[in-house]
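A.B. asks: sequence plus the predicted model coming up.
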Amino acid sequence: MSSKGALEELSRRIDARTAFVGLGNRDRGDDAFGLRFIDDLEQLDPGRFLSEENGLESVILQLVSDKEIRRVIFVDSCDLGSKPGSSALLRLDSIDETISTHKIPLSMLMALLENTGKETWLFGVQPKSLEFGSDMSSEAKRSLEQLEATVKSRLKGL
(Lines give C-alpha, C1' and ligand atoms only; values in the text may rest on other atoms or scores of the structure.)
Protein backbone atom coordinates (compact mmCIF):
# COMPACT_ATOMS: atom_id res chain seq x y z
CA MET A 1 0.00 0.00 0.00
CA SER A 2 1.36 3.43 -0.93
CA SER A 3 1.59 6.33 1.53
CA LYS A 4 -1.41 7.89 -0.22
CA GLY A 5 -3.27 4.61 0.16
CA ALA A 6 -2.35 4.47 3.85
CA LEU A 7 -3.75 7.98 4.39
CA GLU A 8 -6.95 7.14 2.50
CA GLU A 9 -7.42 3.94 4.51
CA LEU A 10 -6.75 5.85 7.73
CA SER A 11 -9.36 8.45 6.81
CA ARG A 12 -11.95 5.68 6.38
CA ARG A 13 -11.12 4.33 9.84
CA ILE A 14 -11.59 7.60 11.75
CA ASP A 15 -14.91 8.17 13.45
CA ALA A 16 -16.20 9.85 16.62
CA ARG A 17 -15.01 6.90 18.70
CA THR A 18 -11.38 6.90 17.52
CA ALA A 19 -8.42 7.86 19.72
CA PHE A 20 -4.82 8.49 18.69
CA VAL A 21 -1.70 7.67 20.71
CA GLY A 22 1.60 9.31 19.77
CA LEU A 23 4.75 7.33 20.48
CA GLY A 24 8.40 8.25 20.16
CA ASN A 25 11.38 10.13 21.51
CA ARG A 26 11.79 13.85 20.89
CA ASP A 27 15.57 13.63 21.09
CA ARG A 28 15.98 11.13 18.25
CA GLY A 29 15.15 12.89 14.98
CA ASP A 30 12.27 11.22 13.14
CA ASP A 31 11.37 9.23 16.25
CA ALA A 32 9.55 12.39 17.40
CA PHE A 33 6.93 11.86 14.64
CA GLY A 34 4.14 10.47 16.83
CA LEU A 35 4.70 13.00 19.61
CA ARG A 36 4.72 15.94 17.21
CA PHE A 37 1.45 14.68 15.70
CA ILE A 38 -0.17 14.75 19.15
CA ASP A 39 1.35 18.17 19.96
CA ASP A 40 -0.18 19.62 16.82
CA LEU A 41 -3.66 18.09 17.16
CA GLU A 42 -4.40 17.53 20.86
CA GLN A 43 -6.14 20.92 21.15
CA LEU A 44 -8.89 19.52 18.89
CA ASP A 45 -9.89 17.05 21.61
CA PRO A 46 -7.42 16.29 24.43
CA GLY A 47 -9.29 13.09 25.30
CA ARG A 48 -8.74 11.66 21.81
CA PHE A 49 -5.12 12.69 21.23
CA LEU A 50 -2.84 11.08 23.81
CA SER A 51 0.93 11.07 24.18
CA GLU A 52 3.13 8.41 25.70
CA GLU A 53 4.97 11.31 27.36
CA ASN A 54 2.06 11.44 29.81
CA GLY A 55 2.97 7.92 30.90
CA LEU A 56 2.18 5.04 28.60
CA GLU A 57 0.67 3.00 31.43
CA SER A 58 -1.83 5.75 32.27
CA VAL A 59 -2.66 6.24 28.58
CA ILE A 60 -3.44 2.53 28.19
CA LEU A 61 -5.54 2.51 31.37
CA GLN A 62 -7.45 5.56 30.12
CA LEU A 63 -8.14 3.84 26.81
CA VAL A 64 -9.22 0.58 28.45
CA SER A 65 -11.62 2.36 30.82
CA ASP A 66 -13.12 4.71 28.20
CA LYS A 67 -16.08 2.76 26.83
CA GLU A 68 -16.73 5.43 24.18
CA ILE A 69 -13.42 4.71 22.45
CA ARG A 70 -13.67 1.70 20.15
CA ARG A 71 -10.68 2.28 17.87
CA VAL A 72 -7.10 3.25 18.79
CA ILE A 73 -4.57 4.38 16.21
CA PHE A 74 -0.95 4.44 17.35
CA VAL A 75 1.26 6.92 15.48
CA ASP A 76 4.99 6.23 15.42
CA SER A 77 8.08 6.06 13.30
CA CYS A 78 9.07 2.48 12.55
CA ASP A 79 11.22 0.50 10.17
CA LEU A 80 8.93 -0.34 7.29
CA GLY A 81 11.81 -1.26 5.01
CA SER A 82 10.87 1.55 2.64
CA LYS A 83 12.05 5.03 1.69
CA PRO A 84 12.15 7.73 4.39
CA GLY A 85 8.84 9.47 4.92
CA SER A 86 6.75 6.66 3.45
CA SER A 87 3.88 5.46 5.60
CA ALA A 88 1.75 2.40 6.22
CA LEU A 89 -1.39 1.59 8.17
CA LEU A 90 -0.90 -1.76 9.89
CA ARG A 91 -2.98 -4.18 11.95
CA LEU A 92 -1.69 -6.19 14.88
CA ASP A 93 -1.23 -9.36 12.83
CA SER A 94 1.19 -7.61 10.48
CA ILE A 95 3.39 -6.02 13.14
CA ASP A 96 6.72 -7.56 13.93
CA GLU A 97 7.56 -7.32 17.64
CA THR A 98 10.86 -5.69 16.68
CA ILE A 99 9.19 -2.93 14.65
CA SER A 100 9.26 -0.58 17.63
CA THR A 101 12.04 0.56 19.94
CA HIS A 102 9.81 0.96 22.99
CA LYS A 103 10.25 -0.72 26.38
CA ILE A 104 6.95 -2.55 25.97
CA PRO A 105 6.51 -4.01 22.48
CA LEU A 106 3.82 -2.19 20.54
CA SER A 107 2.33 -5.51 19.51
CA MET A 108 1.77 -6.30 23.20
CA LEU A 109 -0.01 -2.97 23.82
CA MET A 110 -2.18 -3.50 20.76
CA ALA A 111 -3.04 -7.05 21.84
CA LEU A 112 -3.99 -5.82 25.31
CA LEU A 113 -6.38 -3.25 23.85
CA GLU A 114 -7.76 -5.75 21.32
CA ASN A 115 -8.54 -8.09 24.24
CA THR A 116 -10.75 -5.35 25.73
CA GLY A 117 -12.72 -5.04 22.49
CA LYS A 118 -10.85 -2.11 20.97
CA GLU A 119 -9.79 -2.17 17.33
CA THR A 120 -6.13 -1.14 17.00
CA TRP A 121 -3.99 0.15 14.16
CA LEU A 122 -0.48 1.50 13.73
CA PHE A 123 0.11 4.44 11.41
CA GLY A 124 3.85 4.09 10.90
CA VAL A 125 6.30 6.32 9.07
CA GLN A 126 9.70 5.21 7.83
CA PRO A 127 12.37 7.31 9.58
CA LYS A 128 15.39 8.76 7.82
CA SER A 129 17.38 9.38 10.99
CA LEU A 130 16.97 8.27 14.58
CA GLU A 131 20.26 9.82 15.60
CA PHE A 132 20.28 11.31 19.08
CA GLY A 133 20.10 15.10 18.96
CA SER A 134 19.06 15.29 15.31
CA ASP A 135 16.08 17.24 13.98
CA MET A 136 13.15 15.65 12.20
CA SER A 137 13.94 15.09 8.51
CA SER A 138 12.14 16.95 5.74
CA GLU A 139 10.65 13.63 4.60
CA ALA A 140 9.12 12.96 8.03
CA LYS A 141 7.90 16.57 8.30
CA ARG A 142 6.16 16.25 4.94
CA SER A 143 4.49 13.01 6.06
CA LEU A 144 3.45 14.66 9.31
CA GLU A 145 1.80 17.53 7.43
CA GLN A 146 -0.08 15.06 5.21
CA LEU A 147 -1.22 13.00 8.20
CA GLU A 148 -2.40 16.07 10.09
CA ALA A 149 -4.31 17.40 7.07
CA THR A 150 -6.00 14.01 6.58
CA VAL A 151 -7.05 13.72 10.22
CA LYS A 152 -8.26 17.33 10.48
CA SER A 153 -10.28 16.98 7.28
CA ARG A 154 -11.90 13.77 8.46
CA LEU A 155 -12.72 15.14 11.92
CA LYS A 156 -14.40 18.18 10.38
CA GLY A 157 -16.71 15.80 8.54
CA LEU A 158 -17.92 14.07 11.71
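C.D. replies: Arrived safely.

A.B. asks: please count neighbours and contacts with C-alpha atoms only from this point.
C.D. replies: Noted.

A.B. asks: quick check: longest helix of the protein.
C.D. replies: Assignment by DSSP state H gives helix 138-156 as the longest helix of the chain.

A.B. asks: and the residue most central in space within the chain, what element?
C.D. replies: Centroid check for the chain by Cα atoms, centre = their mean gives Val75 as the closest residue, at 0.9 Å. For Val75, the element it lies in under DSSP states H and E is strand 71-77.

A.B. asks: quick one: contacts of stretch 112-124?
C.D. replies: Stretch 112-124 has contacts (Cα atoms under 8 Å, 6 or more residues apart in numbering) with 6, 10, 60, 63-64, 69-78, 80, 87-92, 110.

A.B. asks: recalculate using a threshold of 6 Å.
C.D. replies: 70-78, 87-91, 110 (Cα atoms under 6 Å, 6 or more residues apart in numbering).

A.B. asks: where along the chain do the strands fall?
C.D. replies: Under the criterion DSSP state E, the chain carries strands at the ranges 18-22, 49-51, 71-77, 87-90, 119-125.

A.B. asks: got TSV for those, with distance to Phe132 too?
C.D. replies: Formatted as TSV, the strands of the chain follow (distance: least, Cα to Cα, whole Å):
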stretch	distance to Phe132
strand 18-22	19
strand 49-51	20
strand 71-77	14
strand 87-90	22
strand 119-125	18
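
A.B. asks: now these in TSV, please, with extra columns for mean pLDDT and distance to Lys156.
C.D. replies: Converted to TSV, those look like this (pLDDT from 0 to 100; distance: least, Cα to Cα, whole Å):
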stretch	mean pLDDT	distance to Lys156
strand 18-22	98	14
strand 49-51	96	15
strand 71-77	97	18
strand 87-90	96	21
strand 119-125	97	20
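
A.B. asks: from the contacts of stretch 112-124, which is closest to Asp27?
C.D. replies: Set against Asp27, the nearest of the contacts of stretch 112-124 by Cα to Cα is Ser77 (13.2 Å).

A.B. asks: identify the bridge partners of that closest one.
C.D. replies: Using DSSP bridges, the beta-bridge partners of Ser77 come out as Val125.

A.B. asks: neighbours of it, how many?
C.D. replies: Ser77 has 32 neighbours, counted by other Cα atoms under 10 Å.

A.B. asks: going forward, begin numbering at 26 instead of 1
C.D. replies: Yep, numbering from 26; the last one is Ser102 now.

A.B. asks: cheers, nothing more for now.
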